[in-house]
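**Q** prediction below, plus the sequence it came from.
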Amino acid sequence: MSNEQKITEKKQRPPIVVVMGHVDHGKTTLLDRIRKANVAAREAGGITQAVGAYEILRNGRKITFIDTPGHEAFSAMRSRGAQVADVAILVIAAEEGVKPQTEEAIKILEDTKTPFVVAINKIDKTGGNIDKVRNDLMSKNVFLEGYGGQVSYQGISAKTGDGVDALLDLVLLTADMEDLSYDPASTATGYVLEARRDPRRGLETSVIVKNGTLHRGDLIQTKSANGKVKILEDFLGTAADFLEPSAPAIIIGFETLPSVGEEFSVGTTIDQHSSTAKTVQKVWKSGGGKANGKELNLILKASDEGSLEALASVLAAIGEKDEKGIAVIDQSVGDITDHDVRNALATNAAIIGFKDRVEKGSQNLAEAQRVTIITSKIVYELADAVSEFLAGKRGPQAIGKLEVLAVFNQEKLEKQLVGGRVTEGVVRGKASFELLRKSESGTEEAIGSGKVLGLREKKSEIAQAEAGKEIGILTNATAKIAVGDVLVIKK
C-alpha cells in the first residue's frame, strides 16, 4: 500500500475541549455534571489546581475534556490547555459577567485561534443576567449569535443540569465544522499535560494523544526527556495496550521528567538533546534588589511541574509587589526529603511545599535542625504564609508570634500548657521564645523567655503552625504565662 493511500485512510477523531473562565464561575461543577462525578467537592479550597483530562460519551460520540485552573496563578496552564484543544467552552457566571480571568481566557483563545462556545452559567440563581454577559462580551469584541456575531452560546445551570445537553450538542457541532481526523497508521504524537514524581511508581506523565496510535512498549521522547512506555493507562487508570486520539493517557517510562506543554513523539523523529540539556532556571530573586541583602531564602517543592511553575510565579509576584527580597535557592518536583532539609540548613532557607508531603524522617530532621517547612494544598495559602513570613522579619530572629488566649495547666513553670492564636509568621516545635506582656502604660515588655516543648491542633500533634491557626502549646518558661501575653518565637 502506498503512502498516498495511507494518507487518505484517515478516521474521525473525538474533539478535545478545554473549559476556561474566571475562578468560581463553575467550570469544575460543569465538568462534574458532564461526567457525573463529584470532583469539585474534593478540590482543595474549592479550586482546580491541576490540568485534568477526561473522556465522556454524548450520543455515542466521545468528547475529551480538559479542565484548567481558574486562579490567576495558573495562567500558563490555561494557555497550554487552549493550545492542545480543538474547541473551548468559555464559562461565565450570569450574575457576575466578564471578570479578569475571563478577559485573559478570551485573549488566549484569540491568540491560539481556538474556536469556542460560551456557557452562561448559574442561570438558576437570582440575579443571573444573560443580557449583562452579552453586553460585557460585546465590550471585549466577542459578538454572540443574534448580537452581530457568530459565537454560539447557551444558558446553563451546572448545578441543576439545565441546558448542559444543549451545550454539548453545540460543542459537537463546532467540532464537526473543524473536520477533525487522524491517521491511525502514523507515528503517535501528542502533548504533555502534566509531569510528577510518584513516591511508589516513579516518574508519571499525563499526556494527550493527537495523532497516530500510542502503544505500550513504544519508545517515546520530547525535546527534554526520553524513555519507553512501560505502563500505559487511560484517564481512569485502567491498563491499556494502546490508545488512539484524542485519548488522555498516563505513561510511566520516561527516564527524566519532561516539561509540561512539550510535544511528544514515538520513535526518534525529534532532535534529541541529552537529559542535561533540560535547563530550568532554579535560582532567582525578586524585589528588584531593594531588600538591601535581606532576602528570604526559599526552597520550592511541588507535586508536579505545573504546580511548581504556578508556585514560583506567585512568589515572584509577591516579591515584586511588596519590594521584598525573595531568593529561590532551588525548586524541584517531589516530596520534601532529607536532601531538601540539609540544603535549607546550609543556605538558611525555608522550604515551601505545594500539594506534596514531608517524609517522616525529613520532618524529624527539620525539627531537630530548626528548619522551617510550610506546606499547603492551596496556592494562595502559601502565598499568604510567605507574605506573613516577610512581614514578620522585622526582628533579626523573630519568626512568629502567638497571642495567649487560654491557660490550662501551670503546676510547673517548665511544663505550662496554654492555648493561643498564631498572629504572625510560624510557630514550631523546639523553638525558643521571648514572653511579652503589656504594662500599665500599654507598651509590651519582656517578662521572661522559654522553649516550645510541643504543639497540638485539636487532638493531633503538629510540627508547626502558621498565622491564623489556633493551637495548644506546651512550654518550658521562666515566668508564669497569662492570657493576653505574647510569645515571640525565635530560631
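**A** That came through, no problem.

**Q** how about stretch 221-229, which residues are buried there?
**A** 221-227, 229 (16 or more other CB atoms under 10 Å). C-beta coordinates here come from the backbone N, C-alpha and C atoms, glycine included.

**Q** chain center to it: distance?
**A** 24 Å (CA atoms, centre = their mean, to the nearest Å).

**Q** now swap in stretch 361-378 and tell me
**A** 20 Å.

**Q** outside of that stretch, which residues touch it?
**A** Residues from elsewhere that reach stretch 361-378 (CB atoms under 8 Å, 6 or more residues apart in numbering): 44-45, 47, 49, 336-338, 340-342, 344-345, 350-358, 382, 385-386, 389, 399, 426, 428-431, 463-464, 466, 491.

**Q** filter those down to the buried ones.
**A** 47, 49, 336-337, 340-341, 344, 350-356, 358, 382, 385-386, 389, 399, 426, 428-429, 431, 463-464, 466.

**Q** which one of the buried residues of stretch 221-229 is nearest Ala119?
**A** Thr222 (33.0 Å; CB to CB).

**Q** would you map the helices across this protein?
**A** 3-8, 27-35, 75-84, 100-112, 130-139, 164-178, 305-322, 338-347, 360-369, 379-391 (DSSP state H).

**Q** Lys415 is nearest to which of those?
**A** Per CB to CB, nearest to Lys415 of the helices of the chain: helix 360-369, 19.0 Å.

**Q** and the closest one with helix 338-347, angle?
**A** Angle, helix 360-369 to helix 338-347, by axes from the mean of the first three to the mean of the last three CA atoms, to 10 degrees: 20 degrees.

**Q** quick check: buried residues in helix 360-369?
**A** Buried residues in helix 360-369 (16+ other CB under 10 Å): 362-363, 365-367.

**Q** next, count neighbours for the closest residue to Lys228 other than its chain neighbours.
**A** Setting aside the residues directly before and after it, Lys228 is nearest to Gly253 in space (CB to CB, 6 or more residues apart in numbering), at 4.8 Å. When counting by other CB atoms under 10 Å, one arrives at 20 neighbours for Gly253.

**Q** one more: the one 4 residues further on?
**A** The criterion is other CB under 10 Å. On that basis, Leu257 has 23 neighbouring residues.

**Q** check contacts around the nearest residue to it once chain neighbours are set aside.
**A** Distances taken as CB to CB, 6+ apart place Ala195 nearest to Leu257, at 4.5 Å, with adjacent residues excluded. Each residue near Ala195 by CB under 8 Å, 6+ apart is listed here: 203-206, 254, 257-260, 304-305, 333.

**Q** a markdown table please, covering those and showing distance to Val84 and pLDDT.
**A** Listed next are the contacts of Ala195 as a markdown table, based on distance: CB to CB, whole Å; pLDDT from 0 to 100:
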| residue | distance to Val84 | pLDDT |
| --- | --- | --- |
| Leu203 | 21 | 88 |
| Glu204 | 19 | 87 |
| Thr205 | 14 | 88 |
| Ser206 | 11 | 87 |
| Phe254 | 18 | 93 |
| Leu257 | 19 | 86 |
| Pro258 | 14 | 88 |
| Ser259 | 14 | 83 |
| Val260 | 11 | 81 |
| Asp304 | 16 | 82 |
| Glu305 | 15 | 82 |
| Val333 | 21 | 87 |
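
**Q** need the max-distance pair from those residues.
**A** Largest separation among the contacts of Ala195 by CB to CB: Glu204 and Ser259, giving 14.7 Å.

**Q** in terms of neighbours, single out the busier of those two.
**A** Neighbours around Glu204 and Ser259, counted as other CB under 10 Å, are more numerous at Glu204. The numbers are 20 against 16.

**Q** residues contacting the more buried one?
**A** 195-198, 250-252 are the contacts of Glu204 under CB under 8 Å, 6+ apart.
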